[in-house]
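Asks: Give the three-dimensional model of this entry:
(one chain, ligands or ions: 1)
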Amino acid sequence: MNITNTIFEGVFIIESEAHSDDRGFFERVICHRELNSINPQFVQVNHSYNKQQGTFRGLHFQYPPFMENKLVKCISGAIVDIVVDLRKNSDTYLKHLMVNLTEENCKSIYIPHGFAHGFLTLKPDTHLIYFHSEYYTPNHEGALNLNDPALEIQLPKDVQVISEKDKNTPFIQSDFEGL
Ligand SMILES: Cc1cn([C@H]2C[C@H](O)[C@@H](COP(=O)(O)OP(=O)(O)O[C@H]3O[C@@H](C)C(=O)[C@@H](O)[C@H]3O)O2)c(=O)[nH]c1=O
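Replies: Numbering: from 1, shown residues only. Sure thing, here's the model as predicted:
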């Protein structure tokens with residue numbers, strides 16, 4: 001497992017080793033022995049299926065005391081994953097990063113507390129699995145609007161499919177203080 005830092009402290013790209021043979025391949029997605037300090041207690045594993053290329057989900061987070069650590073992996077198809085820094089007092093507050101996760105590249109992204117998360121599918125029939133350290137707590141859900149000018153996000157492809165909820169997420173309000 002190869003673990004790479006990103007522009008955000010605590011956000012890592014994890015590259016698994018695919019052991020290929022005639023049958024296909026085997027990879028370890030999470031291995032606490034190799035992840036060292038990254039050791040969240042995941043309590044929920046999610047599967048997200050996206051029919052169409054250009055499907056956008058996000059940008060989501062949960063407010064305290066239910067903030068989540070997430071590990072996100074694309075197991076079929078391809079996505080561009082987007083992470084926005086919401087940590088108050090961070091030098092990179094409201095900055096974002098994007099990383100391509102595909103069924104071929106064996107990469108996943110680890111996102112700790114303090115970030116919003118979303119993704120755009122780059123292929124049809126794209127499946128993700130992701131691991132959460134907190135239970136889904138709908139009354140502590142938070143979201144950012146992808147088109148919020150404060151975020152300056154430019155996706156590599158147009159959004160074709162988005163939920164009404166995500167489309168109508170308000171832009172950041174003046175009383176928002178980050179996480
Ligand atoms: C996220 C979630 C949703 N649900 C339900 C609520 C709703 O009926 C249905 C669809 O929910 P949503 O529209 O919120 O699903 P979705 O937009 O896919 O939400 C996800 O987006 C990505 C970007 C993330 O990072 C995730 O943490 C999660 O917020 O599934 C659960 O039961 N458990 C969960 O953990």
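
Asks: State the next helix or strand along the chain beyond the lowest-mean-pLDDT helix or strand in the chain.
Replies: Between all helices and strands in the chain, the lowest mean by mean pLDDT, DSSP states H and E belongs to helix 32-35, at a mean of 85. Heading C-terminal from helix 32-35, the first helix or strand you meet, by DSSP states H and E, is strand 44-50.

Asks: For the ligand, tell me whether that next one is touching it.
Replies: Yes. Strand 44-50 reaches the ligand (C-beta under 6 Å from any ligand atom) through Asn46, Ser48. In this view, the C-beta of every residue, glycine as well, is placed from N, C-alpha and C.

Asks: what lines up beside that strand in the sheet?
Replies: Paired with strand 44-50 in the same sheet, following DSSP bridges, are strand 126-132 (antiparallel).

Asks: thinking again about what came up before, contacts for the least confident helix or strand of the chain?
Replies: The contact list for helix 32-35 (C-beta atoms under 8 Å, 6 or more residues apart in numbering) reads Met1, Ile3, Ile14, Arg28, Asn39, Tyr110.

Asks: Let me know the helix or strand that the residue nearest the centre of the chain is in.
Replies: Central residue of the chain (C-alpha atoms, centre = their mean): His117, 4.4 Å from the mean position. Element membership for His117, per DSSP H and E: strand 115-121.

Asks: Check which helices and strands that strand sits against.
Replies: If you count contacts as 3 or more C-beta pairs under 8 Å, 6 or more residues apart in numbering; DSSP states H and E, strand 115-121 packs onto strand 55-62, strand 70-76, strand 78-85.

Asks: most tightly surrounded among those?
Replies: strand 78-85 (a mean of 24; mean count of other C-beta atoms under 10 Å).

Asks: So that one, near the ligand or not?
Replies: No. Judged by C-beta under 6 Å from any ligand atom, strand 78-85 makes no contact with the ligand; its nearest approach is 8.7 Å.

Asks: No more questions from me, cheers.
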